[in-house]
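[1] Predicted structure and sequence below. I'll ask about it afterward.
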Amino acid sequence: MSTPPGLVTLHLWGVPTRAVPAAAARMALDRRHLARAPGVRFAKLLGTGSGRTFSVADADPHRWALLVAWDSAADADAFETGRTVRAWGELAAERLVVRMRPLSSRGTWSGAAPFGGPGRTRCAGPVASITRARLRALRAAAFYRAVPPVAADLQRAPGLRLAVGIGEAPVGLQGTFSLWSDDGALRQFAHRRSPHLEVVRRTAAERWYAEELFARFQVLAVEGTVGGRTP
């Protein structure tokens, strides 16, 4: 089992239409910068979308994301003054940064367990979750048909503060980042809402995923805005 990182950050940058080509280009340019950044354990440059169907139709070219697992909070702080954040600051009309501490994680992402392993820790205050899956090609159609009822129910779930579809750039939305008022609200959706429970049942029975990950985090800070508001 891997040791949990000292800190996990999620950046969301909203860009105007004129900056969309430059933002897409940064998805390639920033890979090299992240590979050399001190303290980076795991990093993913991500496209975003509504997460309502998890198809390309969901994609939002005006919002881009960066998820990083850090050795320490000090490494994350140093990154904030570096060239990647400065470059995005020149493009973006708004920015949201979520700083998190892993509570539990199950599964893998690109063969790694970037957020540690299973845990039973509960916490007071807001929490976040990341779900991510790589679909089996022959099971994709059934998965896409099953998603809309769950996505619609998620938007109505009590305690939800933000939900964003995420996928490894440049295309393909394979997961969700969600922010919740507290741990109880997240658990209520995950374990008691009928549409989600039905998809969980079918996932096991029909083996939709070649790889999957579910991680839960304590939210330490939320800074900035997304869609003109702080969630």
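    Received the coordinates, thanks. Residues are numbered from 1 along each chain as shown.
[2] Local confidence estimate at the most centrally placed residue in the chain?
    The structure's the chain has its C-alpha centroid closest to Phe177; by C-alpha atoms, centre = their mean the separation is 3.6 Å. pLDDT, Phe177: 94.
[3] Doesn't Phe42 lie inside a helix?
    No. Secondary structure of Phe42 (DSSP: H, G, I helix; E, B strand; the rest coil): strand, not part of a helix.
[4] if we can go back for a sec, right, and the residue nearest to the centre of the chain touches Leu10 too?
    Yes. The pair Phe177 and Leu10 qualifies as a contact (C-beta atoms under 8 Å) at a distance of 6.2 Å. (C-beta placed from N, C-alpha, C; glycine too.)
[5] Which parts of this structure are strands?
    Using DSSP state E, the strands assigned to the chain run over residues 7-14, 40-49, 59-70, 94-107, 127-135, 160-168, 175-180, 209-224.
[6] returning to what we had before: which residues are in contact with both of Phe177 and Leu10?
    Counting by C-beta atoms under 8 Å, 6 or more residues apart in numbering, the shared contacts of Phe177 and Leu10 are Ala65, Leu67, Ala128.
[7] Look up how far Cys123 lies from the closest residue to Leu154 other than its chain neighbours.
    For Leu154, ignoring the flanking residues on the chain, the nearest one in space by C-beta to C-beta, 6 or more residues apart in numbering is Ala163 at 5.6 Å. Between Ala163 and Cys123 the computed distance is 20 Å (C-beta to C-beta, to the nearest Å).
[8] do the same with Val68
    Counting by C-beta to C-beta, the gap from Val68 to Cys123 is 21 Å.
[9] Alright, I will stop here.
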